[in-house]
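Would you be able to build a 3D model of this:
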Amino acid sequence: QHYRRAEYIRSDALRRHGYEVIELAYEDDWATAASLGADFALVAKAPSLEWVKAFKHAANSAGFPVFMWFWDPIDYGAERRMWFEAVAPFFDMVFLNEKGREPMWSCQVKANVHYIEEGVMVEGDRGPGRRPTTLALPASGPDVSFQGTVYPFPPDYPRVRVIMALAEARGVDLAVYGPTDMWLQLNITSRGMSYGVQSSHIHGSSKVSLSLSRDQPNVELYRSERLMDGAASGACVLTETFPGLDLLLPSDAVLTADSPQQYLSVVEAIVKDPSRCSVRRGKAAAAAWRYHTWDDSIAKFLSLARLSRPILLRRDSQTALHTQTQPQLGLGCEAFCRDQWR
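Next comes the predicted model:
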């Protein structure tokens, strides 16, 4: 198994929207690629400021805009925040997975910032980001599973407490998947890395699949990939409560808890009678694949990208959809920034 990065699933969705996509690494010959002509360039992860300046210069010369789509929280650390504040102003638009902070970032970094939700990352028999025709046999695997990492810093403390409570509980089969050395620090033995089809199978076959997001104050709708990937895998998902959860999944499609003891009580109840989650599994999968696909995310991206500056965006090679001549400010920036915008 391997980990198929979000950039490539996103590229697949762009192709389904009619685009020819050229995928490049930062060290590749992007200058030559830029000279071939493009509707736009979409940058991911964390390029250096020097790279961004050079690429933006080439893009300006070639006449196409450059966007950045970054999905991790900016405030994971001071170094990341400093990087973001430095590079963001050079992009025509910036897309973040930080609902509710768009006006703040637009004002602070003088950039055109928008929120776009990440699509479902599930990989099945129809390929990554597309709904599988078959799912794992429900409740045929461990009592409760968690797939991911854990770090010794405050945003991870709440989920560490939950996982430790489940690990120490008698009669609960907790299956943890992730970096071995990282989990050994908590005296928890990882069952290995989990990617692709295997990851989806673990979600769906577990009696309970843990979402357990990092604590991310002041970011609306922030949640781990496990929430939506678990739902799309037909899992019995157990997550923390947060404002807007019902906007992502119906309230009767997931289980919730807000303390280690509540998590343990919910897990024990489902382990005793897995059928109590059968209806939730179906509703979670239906909602995830109806409203939270990469095709949905790319459609929103394209609708916003048309506002960036004169640009031809097409659904296919023959059809021009829209041309917008006036640049737009970030969401809410005129109201929040007022005279701060320069």
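
Surely His114 is in a helix?
No. Counting by DSSP: H, G, I helix; E, B strand; the rest coil, His114 is not part of a helix but strand.

Quick check: beta-bridge partners of it?
Phe95 (DSSP bridges).

so after the helix or strand encompassing Thr32, what's the next helix or strand?
Using DSSP states H and E, Thr32 maps to helix 30-34. Next along the chain after helix 30-34, taking DSSP H and E as the criterion, comes strand 41-43.

now for whichever helix or strand comes after that following strand, which elements pack on it?
As assigned by DSSP H and E, the chain's next helix or strand after strand 41-43 is helix 49-62. The contact analysis (3 or more CB pairs under 8 Å, 6 or more residues apart in numbering; DSSP states H and E) places helix 49-62 against helix 30-34, strand 41-43, strand 66-70, helix 78-87. For every residue, glycine as well, the C-beta is placed using N, CA and C.

quick one, strands of the stretch 101-250 of the chain?
113-115, 123-124, 127-128, 144-147, 174-177, 208-210, 237-240 (DSSP state E, counting those that start in this stretch).

So for Tyr8, which of the ones you listed sits nearest?
strand 127-128 (7.4 Å; CB to CB).

ok, back up a step: which of the strands of the stretch 101-250 of the chain is buried the deepest?
Among the strands of the stretch 101-250 of the chain, ranked by average contacts under mean count of other CB atoms under 10 Å, first place goes to strand 208-210 (a mean of 30).

roughly how far out does that strand sit from the chain middle?
In this view, strand 208-210 has its centroid 18 Å away from the chain centroid, taken as CA atoms, centre = their mean, to the nearest Å.

again with stretch 50-61
Centre-to-centre, stretch 50-61 and its host chain are 27 Å apart (CA atoms, centre = their mean).

So for it, what gets flagged as buried?
Going by neighbour count (16 or more other CB atoms under 10 Å), the buried part of stretch 50-61 is Val52, Phe55, Lys56, Ala58, Ala59.

Can you name the residues in contact with that stretch?
For stretch 50-61, contacts defined as CB atoms under 8 Å, 6 or more residues apart in numbering pick out Tyr26, Trp30, Ala31, Ala34, Ala41, Val43, Pro47, Pro65, Val66, Val87, Phe90, Phe91.

Can you turn the buried part of the residues you listed into a PyMOL selection?
Restricted to buried positions by 16+ other CB under 10 Å, the PyMOL selection for those reads:
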select buried, resi 30+34+41+43+47+65+66+87+90+91
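
so which of the contacts of stretch 50-61 comes closest to Glu118?
Using CB to CB, those come closest to Glu118 at Val43, 15.9 Å.

count of neighbours near the closest residue to the closest one other than its chain neighbours?
The shortest distance from Val43 to any non-neighbouring residue, by CB to CB, 6 or more residues apart in numbering, is to Met68 (4.6 Å). When neighbours are counted by other CB atoms under 10 Å, Met68 registers 24.

what residues are up against Met68?
Leu42, Val43, Ala44, Val87, Ala88, Phe91, Met93, Val94, Phe95.

Just name the closest of these to Gly171, please.
Ala44 (43.4 Å).

of all the helices and strands packed on helix 49-62, which lies closest to Ala285?
Across the helices and strands packed on helix 49-62, closest to Ala285 is strand 66-70 (CB to CB), at 25.8 Å.

mind listing what the closest one pairs with, with the direction of each?
Applying DSSP bridges, strand 66-70 is found paired with strand 41-43 (parallel), strand 93-96 (parallel).

Could you report the pLDDT at Arg170?
With respect to pLDDT, Arg170 has a value of 94.

now do Ile74
Confidence score, pLDDT, at Ile74: 85.

what about it, distance to Pro158?
Here the distance between Ile74 and Pro158 works out to 20 Å (CB to CB, to the nearest Å).

Likewise for Gln108?
27 Å.

correct me, but Leu135 touches Ala232?
No. Between Leu135 and Ala232 there is no contact under CB atoms under 8 Å: 9.3 Å.

Quick one: residues contacting the residue lying closest to Leu255 once chain neighbours are set aside.
Leaving out its chain neighbours, the residue that sits closest to Leu255 by CB to CB, 6+ apart is Leu238, at 4.5 Å. By CB under 8 Å, 6+ apart, the contact list for Leu238 reads Val144, Val208, Ser209, Leu210, Ser211, Val254, Leu255, Thr256, Ala257, Tyr263, Val266, Val267.

Now do Leu238, the pLDDT please.
pLDDT at Leu238 comes out at 97.

Also Asp156?
87.

re earlier: any chance of the strands of the stretch 101-250 of the chain in a markdown table with distance to Glu225 as columns?
Output for the strands of the stretch 101-250 of the chain, formatted as a markdown table (distance: least, CB to CB, whole Å):
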| stretch | distance to Glu225 |
| --- | --- |
| strand 113-115 | 16 |
| strand 123-124 | 12 |
| strand 127-128 | 13 |
| strand 144-147 | 9 |
| strand 174-177 | 13 |
| strand 208-210 | 12 |
| strand 237-240 | 12 |
